[in-house]
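**Student:** Give the three-dimensional model of this entry:
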Amino acid sequence: MLTSWAPLNPDAPKAAQVIRHPSATFAQLIQGSSTDGVDLSQYVSACRHTSRDADVTFAYHNALAGSAQPKPGELLELRLNGQFLWGGIIDSATSYRLRSGEHSLTVKAYTRDNTPTWKEVKRVTDLYATGTPVGVIATDIAAALGLGATEINLPFFGVYTVHSNMQLANMAAQDMLDTVMLSSGYEPYVDAYGILRAISRDLGRASDVIVSEDRVVSIDGSKARSPITSVRVLWLDPALTLVAQQDQALEQATITAGFFQLHQKQDVYFSEDRTQRAQNTYMVVKQSANSGLLNFCSEHYSVISATQGRIEVDTSIFAPWLATEGLAGLIASSYIPDDVAAFGGGVTIPVGRLVEMVSNVAILLVMMSLGTGMYEVRGQPYDYVHGRNTSEATAAGVPDWLLQNDDIENDFVMTEAQAQAFAARELIYRARSANTYKITIVDDPRIERGDIVELYDGSRLYVLDYSRDLTYGAPANLEITGFRA
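**Tutor:** The predicted model follows:
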């Protein structure tokens, strides 16, 4: 509700003004400091506006020709009885006509939140840490749209981010603001002055405006569609849950073992980027280093961390010992003189050759103590993730053929209690908004979109939009579209 206004007297005169601002900003319009205003009221033949847009038709001879003609991108201000009523951005100038020497031109203007800058341009927010108030995020989004401090008036939402590195990406600013505010029971709204505010979607709150019977002009028929009977809120649980995959091969390794090294260690990681965690890891020997003639080594696997394991191959001490003894024997045998001992047939056996042969056998055994092992580490990869929770609110007693569901995905939910309240509130809002109707009352500029208007009979209307005719001579009425709150 706009507290700067008072209800109009149905018998009081209604003087409307249309002012063009070629260079002013919204901040200047809000503060009343603009000096570029051009009053076009004398050329207005028709003027009507809603909470979102305005249509103004001008009739003139040559006064609005050339540079004097309103242009897309300029600001358009509507005043009522000398007071600022509505401001918007000219989107187009159409319906240009020349008839009997008179020109006509229709200008279409929108509030700033109904422009492509808000609704179409994709954006990315900063990263927000856990515990950031959602109001801070909404303010940052508005600042990225060019709004200053005087153009933002948001309430304290009481909701904080519960996930680290929260970010909104590849979304239009309007969608970002919708997502940020909806979990708190609000929706973004740029009011008639161009200030970003939040509309409460709580239908149980107190009425904003009470309309007496003498101010009600008419109540028109309703427009109905099938109501939503169930709302599901899909949200990320703040608590992390371990999710493990099935057992699979994580890494492979090949190790050559032998007398040349007693202990060999090779660290293995469970992913190429060394970040994948795994549990219940173990080693499978695809080919053992002992698959040759001799069993000369042992093969082991151990876990170092959640992302890393270690394969160890230990060679038995006898292999290097034999190599050492064999080489020593060869050297020693070269110093043994060949004493000849004759036996019956004159056969001789050199003593040094026997020592040399024994040493050669030892060295050959060492050469046989070589092998290549092929190993595979298996296990269950896992990660800690935020589970996707579902909270549902369903209308009772609805026949099966009338069931209709809406899903809302929103990660700005802190607890199950908030999610349940969120789902119930949206179910009530969406179910009731299926049946809309119109009322016409004596003009009351206090009323704006999102207000709850209470009629003389106690019924309450949630305002979805309004329309006001500012054409000279039009009755001072306000047409309101809404649904029963």
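**Student:** and the residue nearest the centre of the chain, what is it in contact with?
**Tutor:** Nearest to the geometric centre of the chain sits residue 168, at 3.7 Å (C-alpha atoms, centre = their mean). When contacts are counted by C-beta atoms under 8 Å, 6 or more residues apart in numbering, residue 168 touches 123, 124, 125, 137, 141, 176, 179, 180. Placement of C-beta: from N, CA and C, glycine included.
**Student:** Poorly predicted segments of the chain, please.
**Tutor:** Along the chain, the parts satisfying pLDDT under 70 run over 100-101, 292-293, 317-323, 325-369.
**Student:** If you count neighbours, what's buried in stretch 38-46?
**Tutor:** 40, 41, 43, 44, 46 (16 or more other C-beta atoms under 10 Å).
**Student:** I'd like the list of the residues you listed that fall within strands, please.
**Tutor:** Residues of these located in strands (DSSP state E): 44, 46.
**Student:** Can you list the helices and strands that the longest strand seen in the chain packs against?
**Tutor:** Ranked by number of residues, the top strand in the chain under DSSP E is strand 370-394. Applying 3 or more C-beta pairs under 8 Å, 6 or more residues apart in numbering; DSSP states H and E, we find strand 370-394 packed against strand 230-244, strand 248-258, strand 277-287, strand 297-305, strand 308-315, helix 416-432.
**Student:** closest to residue 152 out of these?
**Tutor:** helix 416-432 (24.1 Å; C-beta to C-beta).
**Student:** what comes into contact with the closest one?
**Tutor:** 159, 182-183, 185, 201-203, 227-233, 235, 389, 391-395, 406, 408, 410, 413, 462, 483-485.
**Student:** buried ones in it?
**Tutor:** Neighbour-count burial for helix 416-432 [16+ other C-beta under 10 Å]: 418-419, 421-432.
**Student:** Looking at those, spot the one nearest residue 401.
**Tutor:** Of all those, residue 431 has the smallest distance to residue 401: 16.4 Å, by C-beta to C-beta.
**Student:** Give me the distance between the closest one and residue 416.
**Tutor:** Here residue 431 is placed at a distance of 22 Å from residue 416 (C-beta to C-beta, to the nearest Å).
**Student:** now do residue 254
**Tutor:** Per C-beta to C-beta, residue 254 is found 51 Å from residue 416.
**Student:** same deal with residue 230?
**Tutor:** Using C-beta to C-beta, residue 230 is found at 18 Å from residue 416.
**Student:** How are the helices of this protein distributed by residue range?
**Tutor:** 26-31, 116-119, 134-144, 173-182, 318-333, 351-368, 416-432 (DSSP state H).
**Student:** wouldn't residue 307 be in contact with residue 276 here?
**Tutor:** Yes. Counting by C-beta atoms under 8 Å, residue 276 is a contact partner of residue 307 at 6.3 Å.
**Student:** For the two, list the residues in contact with both.
**Tutor:** Contact with both residue 307 and residue 276 is made by residues 269, 270, according to C-beta under 8 Å, 6+ apart.
**Student:** Comparing these two, which residue is more hemmed in?
**Tutor:** Using other C-beta atoms under 10 Å as the criterion, residue 307 and residue 276 rank with residue 276 on top: 18 against 15.
**Student:** Let me see the contact set for the nearest residue to the more buried one once chain neighbours are set aside.
**Tutor:** Distances taken as C-beta to C-beta, 6 or more residues apart in numbering place residue 270 nearest to residue 276, at 4.5 Å, with adjacent residues excluded. By C-beta under 8 Å, 6+ apart, residue 270 lies in contact with 250, 251, 276, 277, 278, 281, 307, 308, 309, 377, 379, 381.
**Student:** and which of those is nearest to residue 295?
**Tutor:** residue 377 (23.0 Å).
**Student:** The closest one: what's it in contact with?
**Tutor:** 249-253, 268, 270, 281-284, 301, 309, 311.
**Student:** burial count for residue 449?
**Tutor:** Residue 449: 22 neighbours (other C-beta under 10 Å).
**Student:** Skipping adjacent residues, who's closest to it in space?
**Tutor:** residue 51 (4.3 Å).
**Student:** Could you check how far the one you found is from residue 131?
**Tutor:** Distance from residue 51 to residue 131, by C-beta to C-beta: 35 Å.
**Student:** Who has more neighbours out of these two?
**Tutor:** residue 51 (21 against 9).
**Student:** For that one, list the residues it contacts.
**Tutor:** Residues near residue 51 by C-beta under 8 Å, 6+ apart: 111, 192, 448, 449, 465, 466.
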